[in-house]
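S.K.: sharing a model prediction with you, sequence too.
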Amino acid sequence: MKVDLTKIFNQQRELDKEIHTKHNVSYRTINRELKLALLVELGELANEIRSFKFWSLKKPSSKETILEEYVDGIHFITSICIRYIVSPKFEVKRYLNKYQNPKEITKAFVWLFRKTCNINTAWKARYWYMNYLKFGFRLGFSMEDIIKAYEKKNKVNHDRQKNNY
């Protein structure tokens, strides 16, 4: 399926420009911080999904909460892709089947964690992003869900910058 993230990339550029100006940073100077932020967001997402918590009977958080955590990752991977000058147009295999069990989700998380540390080229950033989109689809999110949730959170992030978050 063809995915055009031009709108998301443009919105992220605006937010990043605001942040970079306010905090006197650039993509080059915050490369490690972006990767660490992405890892933290992955951890927060994993905590809400709870697939790895074999010791707990507590159910995953609501789909809305999980989507909100998922798009936090979209913010950071988009910034990383902008840093590496990745095209916002992707060809992503659309999985119609959702994950069948927690072990599949946990396996995907481990892959994402491992690969995050190695994002150091445009190709690797693009490949990671495509896999993260597939991950979202397999969690049951549509591209429309992702874009709508991103735009909502992007507004929150702009407000946070205006209020000295």
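M.R.: Now that the structure is in, tell me what you want to look at.
S.K.: name the surrounding residues that touch the helix or strand bottoming out on mean pLDDT in the chain.
M.R.: Lowest by mean pLDDT, DSSP states H and E among the helices and strands of the chain is strand 89-91, with a mean of 88. Outside strand 89-91, the residues within contact range by Cβ atoms under 8 Å, 6 or more residues apart in numbering are Met1, Lys2, Val3, Asp4, Leu5, Thr6, Arg126, Tyr129, Met130, Leu133. In this view, the C-beta of every residue, glycine as well, is placed from N, C-alpha and C.
S.K.: quick one: low-confidence residue ranges for this structure.
M.R.: 94-96 (pLDDT under 70).
S.K.: so where do the helices sit in it?
M.R.: 6-23, 31-49, 63-83, 102-116, 122-138, 143-162 (DSSP state H).
S.K.: from those, which stretch is densest packed?
M.R.: Across the helices of the chain, averaging neighbours per residue (mean count of other Cβ atoms under 10 Å) puts helix 63-83 on top, at a mean of 21.
S.K.: could you tell me the angle between it and helix 102-116?
M.R.: 20 degrees (axes from the mean of the first three to the mean of the last three Cα atoms, to 10 degrees).
S.K.: what comes into contact with helix 63-83?
M.R.: So helix 63-83 is contacted by 5, 8-9, 12-13, 15-16, 27-28, 31, 34-35, 37-38, 41-42, 44-45, 48-49, 60, 88, 119, 122, 125-126, 128-129, 132, 136, 139-141, 145-146, 149-150, 153-154, 157 (Cβ under 8 Å, 6+ apart).
S.K.: how much space between the residue nearest to Glu44 when sequence neighbours are not counted and Ala122?
M.R.: Counting by Cβ to Cβ, 6 or more residues apart in numbering, Glu44 lies nearest to Glu69, which is 5.2 Å off, once chain neighbours are set aside. Distance, Glu69 to Ala122, by Cβ to Cβ, to the nearest Å: 26 Å.
S.K.: can you check Ile74 too?
M.R.: Taking Cβ to Cβ as the measure, Ile74 and Ala122 are separated by 18 Å.
S.K.: pull the contacting residues for Lys153.
M.R.: Glu68, Val71, Asp72, His75.
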